[in-house]
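# missing the sequence, but the structure's below:
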């Protein structure tokens, strides 16, 4: 693990690392914010999964997350959204390939060699981070934005004991039924959509609800709302299965970090209440 | 004035505009954040001047300023740091030309035609902004970062009735005596440094102190501290003239927006206390 940059912020420390990932077969970059409290004790930890085209920097720079995490004594981990670099397959489109890993294990060529972001995050980076930093393993939550909201909800529902709390900003909640998800799942998983269900938050919420309440903030002026995010399908699934959720519709807000930063502190409160309950 | 983008954030609105400037002879871009309170009444307004290479977006995206301003019911104006575009002189270096206007009126070729950022901000943009938005003209302050800290302190000291409050993050405080300032002032004002004094915060604080207390935060791990920022000269001037100031030395912090965002709310409080006193 090699430190790339390090900054004091809000009484804690933001540090960015490169490491060689055996899972993706590439050098992967991630960021860690440790609050002041981590100098003396293990702290709760939230994993933030970013959206299409993003990397660790979007939420750390623009999300207002450092202030919120420092105020609540919580660590934040921000992984990348895909493997990257020469030799890693890519696509000219912003919504496939590098920057668009969709938090799944690709089974199709040319993606399957490197694109295994779910195993990378839940296994390899999880082990590395909890060994390297003063993180309370039993107090971890997960959240994210857009494609990363899909990642957060699906990984929470598949690993509810690892990620005990969950929230999302403008998440893709029914990827099997929206253009972004259908394009990515077809490329990464193949056109037989039987394998898609394991990565579809609406299907997971229907089949294996968690005991946590999932908090979702959604801007009503989000240009992707009606075509890509499909919260109606997710809500129906939750209501059928008894999955607890709170979907807050925020008038006037769009899909940007101006929206995310507005509600960031509410999400930190949601997680910390869940993790300290 | 043409709207370029607009986002709801923290209960208020961030909007970015282009307009044709008669002073600079170019299209100039600036951003305005209006808090919720501006829907019903005139609000106090802070002008944020950015540092070398920056534009309106740095502070609005990374500064944590929207949350702080929304909490205190204050508008924020972020101008650009220079004229830009084809036909505007530039230099390959990051610290001269476009992105490096130094908040002064250039008298030397090739800069003098367009580089008049002090008049642009204090006269033209001031008139445009106060005519266009619900801003309380008698409750304005100014702050900034690095080169923009130089701009904020010098413009406050030259226009203390316009900008009643002042603060800065890691400001250049004695530009006549540091490499950044000497390079820019030589290019823009000529090598006869008699004309430089009117733009030198330390000299202005000595000769024409204001009645406000100037708040400065400075990271002690700032790589530019010892060579470029020269606070000792500024402090000596303030102590001689009686200019009130508070210079807070922040251990471990650098020159980045990770530093600025940490102390942003303290600066908003400083201004709002001054403007409502």
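Now that the structure is in, tell me what you want to look at. The shown structure was predicted, so the numbers you read here are calculated from the model rather than taken from an experiment. Numbering: from 1, shown residues only, chains lettered A, B, ... in the order given.
# can we go C-alpha only for contacts and neighbour counts from here?
Will do.
# Residue A:131 in helix, strand or coil?
Secondary structure, DSSP: H, G, I helix; E, B strand; the rest coil: residue A:131 is helix.
# now do residue A:180
Per three-state DSSP, residue A:180 ends up helix.
# host element of the residue lying closest to residue A:95 once chain neighbours are set aside?
Distance criterion C-alpha to C-alpha, 6 or more residues apart in numbering or on different chains; nearest residue to residue A:95, sequence neighbours excluded, is residue A:52 at 6.2 Å. Here residue A:52, judged by DSSP states H and E, is contained in no helix and no strand.
# wait, residue A:52 sits on residue A:94?
Yes: using C-alpha atoms under 8 Å, residue A:52 is in contact with residue A:94, at 7.0 Å.
# shared neighbours of those two, which are they?
Taking C-alpha atoms under 8 Å, 6 or more residues apart in numbering or on different chains as the contact rule, residue A:52 and residue A:94 both touch residue A:100.
# more neighbours, those two?
residue A:52 (21 against 12; other C-alpha atoms under 10 Å in any protein chain shown).
# ok so, going back, dump the residue contacts of the residue nearest to residue A:95.
A:81, A:94, A:95, A:99, A:100, A:146, A:147, A:148.
# ok, so what distance separates it from residue A:77?
Distance, residue A:52 to residue A:77, using C-alpha to C-alpha, to the nearest Å: 17 Å.
# can you pull out the strands in the stretch 1-150 of chain A?
All strands of the stretch 1-150 of chain A, identified by DSSP state E, counting those that start in this stretch, fall at A:2-9, A:12-20, A:27-34, A:43-49, A:75-78, A:135-145.
# between the ones you listed, which one is nearest to chain B?
Between chain B and the strands of the stretch 1-150 of chain A, the tightest spacing by C-alpha to the nearest C-alpha is seen for strand A:2-9, at 5.1 Å.
# Next, format the contacts of residue A:52 as a markdown table and append distance to residue A:237 and pLDDT.
As requested, the contacts of residue A:52 are exported to a markdown table (distance: C-alpha to C-alpha, whole Å; pLDDT from 0 to 100):
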| residue | distance to residue A:237 | pLDDT |
| --- | --- | --- |
| A:81 | 27 | 98 |
| A:94 | 29 | 95 |
| A:95 | 26 | 95 |
| A:99 | 29 | 97 |
| A:100 | 26 | 97 |
| A:146 | 19 | 98 |
| A:147 | 19 | 98 |
| A:148 | 20 | 98 |
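# what's residue A:162 in contact with, if anything?
A:137, A:138, A:140, A:141, A:156.
# Would you convert the residues you listed into JSON lines that also reports neighbour count?
JSON lines is the format used below for those (neighbours: other C-alpha atoms under 10 Å in any protein chain shown):
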{"residue": "A:137", "neighbour count": "17"}
{"residue": "A:138", "neighbour count": "14"}
{"residue": "A:140", "neighbour count": "26"}
{"residue": "A:141", "neighbour count": "26"}
{"residue": "A:156", "neighbour count": "26"}
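# Just give me the closest of these to residue A:129.
Minimum distance to residue A:129 across the contacts of residue A:162 is 9.8 Å, recorded for residue A:137 (C-alpha to C-alpha).
# And that closest one, how close does it get to residue B:124?
Look at residue A:137 and residue B:124: by C-alpha to C-alpha, they are 57 Å apart.
# what are the bridge partners for residue A:165, then?
Following DSSP bridges, residue A:165 is listed with bridge partners residue A:141.
# these two touch, right, it and residue A:156?
Yes: with contact defined as C-alpha under 8 Å, residue A:165 counts as touching residue A:156 (7.3 Å).
# what touches both of the two?
Shared contacts of residue A:165 and residue A:156, defined by C-alpha under 8 Å, 6+ apart, are found at A:141, A:142.
# residues contacting the nearest residue to residue A:222 once chain neighbours are set aside?
Here the nearest residue to residue A:222 in space, its sequence neighbours aside, is residue A:254; by C-alpha to C-alpha, 6+ apart that works out to 3.9 Å. Contacts for residue A:254 (C-alpha under 8 Å, 6+ apart) come out as A:219, A:220, A:221, A:222, A:223, B:7, B:8.
# hmm, which of those are the buried ones?
With burial judged by 16 or more other C-alpha atoms under 10 Å in any protein chain shown, the buried subset of the contacts of residue A:254 is A:219, A:220, A:221, A:222, B:7, B:8.
# near chain B, which residues of the stretch 151-277 of chain A?
By the rule C-alpha under 8 Å from any C-alpha of the partner chain, the part of the stretch 151-277 of chain A lying against chain B is A:252, A:253, A:254, A:257, A:258, A:259, A:261, A:262, A:263.
# and the residue nearest the centre of chain A, what are its bridge partners?
Taking C-alpha atoms, centre = their mean, the centroid of chain A lies closest to residue A:49, which sits 2.4 Å from it. Bridge pairing for residue A:49 (DSSP bridges) gives the partners residue A:144.
# follow-up on the earlier one: where does the residue nearest to residue A:222 fall, phi/psi-wise?
Torsion angles at residue A:254 (phi, psi; degrees, to the nearest 10) stand at phi -110, psi -150.
# tell me the pLDDT at it?
pLDDT recorded at residue A:254 is 98.
# so what's the residue of the stretch 151-277 of chain A found nearest chain B up against?
Distances between the stretch 151-277 of chain A and chain B by C-alpha to the nearest C-alpha are smallest at residue A:262, namely 4.7 Å. Taking C-alpha under 8 Å, 6+ apart, we find residue A:262 in contact with B:9, B:10, B:11, B:67.
# could you redo the last one with a cut-off of 6 Å?
Contact analysis of residue A:262 by C-alpha atoms under 6 Å, 6 or more residues apart in numbering or on different chains lists B:9, B:10.
# go on, the one 3 residues further on?
Neighbour list for residue A:265: residue A:68 [criterion: C-alpha under 6 Å, 6+ apart].
# is it true that it lies in a helix?
Yes: secondary structure of residue A:265 (three-state DSSP): part of a helix.
# so how far is residue B:236 from it?
Using C-alpha to C-alpha, residue A:265 is found at 42 Å from residue B:236.
# Could you do residue A:249 as well?
Going from residue A:249 to residue B:236 by C-alpha to C-alpha gives 55 Å.
# now swap in residue A:137 and tell me
Residue A:137 is 52 Å from residue B:236, by C-alpha to C-alpha.
# same check, this time on residue A:60
Distance from residue A:60 to residue B:236, by C-alpha to C-alpha: 38 Å.
# So, low pLDDT: which residues of chain A?
Within chain A, no stretch has pLDDT under 70.
# which residues in it form helices?
Per DSSP state H, chain A carries helices over the ranges A:56-62, A:65-72, A:117-119, A:126-132, A:147-158, A:179-189, A:201-207, A:231-241, A:257-276.
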